[in-house]
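Colleague: Let me see the structure of the following:
(chains A and B)
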Amino acid sequence: MYKSLFQKIITIPIIIYALVLIAMPILYVLALSFLKSDAYGGIINEITLQNYIDIFDVVYLSVFLKSFIIAGIATFLCIIIAYPFAIFVSQKKPHIQKIMMVLVIAPFLTNSLIRMYGWIILLRKEGIINTFLQNIHLTDHPLQLMYNDLGIIIGLVYTLLPFMILPVYSAVSKVDKSILEAAKDLGANKIKTFTNIMLPQTASGLFNGSLMVFIPAIGYFFIVDILGGGKLMLLGNLIKNQFLTARNWPFGAAISIVLIIITFLLVKLYKKKGGNMDELGGF
Amino acid sequence: MKKIVLLTLISILLTACNFDNSKDNVVNILNWSSYIPDVVIRDFEKETNIKVNYGTYSSNEELLAKISSAKEGTYDLIFPSDYMIELMKNRDLITTIDKSKLTNLNNINPNYLNLSYDYGNNYSLPFLAATVVIAVNTENIKDNITSYNDLLNPKYQNNIVLIDDQRIIIGMALLALGYDMNETDETKLKQAKEWLLKLKNNVKAFDSDSPKTFLISKEVDIGVLWNAEAAIAMEENSNIKTIYPNEGFALSIDNFAIPKGSKNQDNAYKFIDYILRPEVMQKIIESYPYKNVNKETDKLLDSNYLNNNAANISDKMIKNGILVKNIGSFVKDYDKVWAQIK
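Modeller: The predicted structure follows:
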């Protein structure tokens, strides 16, 4: 009795947190998305579906499409880098594994905006990489490494890679080593072992990581602004613009709701494919 | 026992949130980033014993978002631009200015008073003026650029930085096409979109935070940017020259304004009056070389400022400046054009 009361009390802050900081803002955004904006950026209490209809304008649909393509490429590259890395780490001694995973998380100690500015020093026309490449005569003119889509992809992959590595590593390290050995003993080659044993057993980790990379990648407007030279508009930029330049809060809210629905559907798909919800939340 | 400890902790947490600083002698200011040097704020605090809580924003719309969503009385002094004054007046977000509380009012250059957005200056007083200019690094660009249309030259591929501001940049395209900068006609906006798509091949980046850096680090040779940014770039690199295009250019006047419900109005007036002192305004202009609108300060500024044509635009030239006007719901059409060119 006493214990259950104590348990109830200590969960109160979490319930308040979830209600005040998660549920209420989303409900507010949902309500906002059905209202109208006036000429001065104010909100009129008049219910309309116009904001959702506006999203189906070709102009805005193409923003969705571009965002999904960029986020998809970033997710794919994260898988390509994270998967071999996770397998490599999982074969090390336990304490080495721990050190390596701490190193993966270490960049989070620095604000991601500042890390983006670090990339400018590396990538710009007279930056470190271009100077180096010209000094060793690999190229005679500076390469365009940033202020284009390449810069955006570099920024997204760099920032989001840990979100792919952590779930993939967690899945890979759970694979029973004896099964891999058994496969080898029974004459399966490396490719066959990978496709028949490794991949099916780590698929949920891969999907989890992809979700953790794909969804933020759609919304990271500051990477587009800093490394992409503000030349591309992703959904994050579009939403930000509705609130900060176009003074059209209800439309911005409607786009956000659509984004939340897409996220929700992806999570549903993850669950349907046998994904573990606990793994999605934390590692 | 545990329960008591826990309840005490919770009550401490709850009361801690509910702090009240209304008794303090403060003024809550919200201003553009990079507009008033810290030393001016500290000197004001020392002289008056008023604590300045200073926050910043980087666009008029961000200011609007902050003012309209914050509790009334959160801020005491803000610095909206011309069209935003009109808009905030219409949304009843700012209050009238009591000029009798200002002793340095007469220092303001009358050219900047009684403008269209607030005739009679009941709600605003000018603080600074800014114009959008073209800056060119003449070390690499030998052509004589006089018009926005010159920027379309394919030679300048990936060599231009533009400020990331839809009204200014779409306005520039409209000016280049010979239209009004505040045009709202659908077909003309479509033409502006086509013009910008052509220009985009030459654009390396859109950046509002520090476009001068692109010029100074030689990342690009041409920039369309605010005059103070161009002025600083010129000081860093004497090859950089500033051009006022033939078609005209955007002019923006930033103003003092007091949000409705301000709790520390007297302190806000003291701050405005302090800024209007010639020697204080001099410090501000020397750090951020925008166009000074204080006629007494003009007498104190040195040749570095006065001879820099980006910083100190002549009175004759500034007549070609065009104010960004409030276009109401048409802002949505601009936003659509913007989504298409990006």
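
Colleague: What helices and strands are in contact with the helix or strand hosting residue A:98?
Modeller: Per DSSP states H and E, residue A:98 falls inside helix A:94-105. If contacts are counted by 3 or more CB pairs under 8 Å, 6 or more residues apart in numbering or on different chains; DSSP states H and E, helix A:94-105 sits against helix A:58-90, helix A:149-174. C-beta here means a position set from N, CA and C on the backbone, and glycine is covered the same way.

Colleague: Okay, angle between whatever helix or strand comes next after the last one and helix A:58-90 too, please.
Modeller: Spelled out, that is helix A:149-174. Going down the chain from helix A:149-174, the next helix or strand is helix A:177-185, by DSSP H and E. Computed by axes from the mean of the first three to the mean of the last three CA atoms, to 10 degrees, the angle separating helix A:177-185 from helix A:58-90 equals 80 degrees.

Colleague: May I have the predicted confidence score for residue 248?
Modeller: Looking at chain A here, since you left the chain open. pLDDT, residue A:248: 90.

Colleague: Chain B was what I was after
Modeller: pLDDT for residue B:248: 94.

Colleague: Over to the one 3 residues further on?
Modeller: Per-residue confidence at residue B:251 stands at 95 (pLDDT).

Colleague: Please give me every residue in contact with the nearest residue to it once chain neighbours are set aside.
Modeller: Setting aside the residues directly before and after it, residue B:251 is nearest to residue B:321 in space (CB to CB, 6 or more residues apart in numbering or on different chains), at 2.8 Å. By CB atoms under 8 Å, 6 or more residues apart in numbering or on different chains, residue B:321 lies in contact with B:129, B:131, B:248, B:249, B:250, B:251, B:313.

Colleague: so can I have JSON lines of those showing neighbour count and secondary structure?
Modeller: Listed next are the contacts of residue B:321 as JSON lines, based on neighbours: other CB atoms under 10 Å in any protein chain shown; DSSP: H, G, I helix; E, B strand; the rest coil:
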{"residue": "B:129", "neighbour count": "22", "secondary structure": "strand"}
{"residue": "B:131", "neighbour count": "24", "secondary structure": "strand"}
{"residue": "B:248", "neighbour count": "17", "secondary structure": "coil"}
{"residue": "B:249", "neighbour count": "26", "secondary structure": "strand"}
{"residue": "B:250", "neighbour count": "24", "secondary structure": "strand"}
{"residue": "B:251", "neighbour count": "23", "secondary structure": "strand"}
{"residue": "B:313", "neighbour count": "24", "secondary structure": "coil"}
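
Colleague: For chain B, which residues are neighbours of chain A?
Modeller: B:2-3, B:6, B:59, B:61-62, B:64-65, B:68, B:87, B:90-91, B:158, B:164-166, B:200, B:203-207, B:217-219, B:326, B:328-329, B:331-332, B:334-336, B:338-340, B:342 (CB under 8 Å from any CB of the partner chain).

Colleague: These, buried ones only, as a PyMOL selection?
Modeller: Of these, the buried ones go into a single PyMOL selection, burial set by 16 or more other CB atoms under 10 Å in any protein chain shown:
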select buried, chain B and resi 59+61+62+64+65+68+87+91+158+164+165+166+203+204+205+206+207+219+326+331+332+334+335+336+338+339+340+342
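
Colleague: Restricted to strands, list the residues of chain B next to chain A.
Modeller: Members of these lying in strands (criterion: DSSP state E): B:203, B:204, B:205, B:206.

Colleague: Understood, closing this out.
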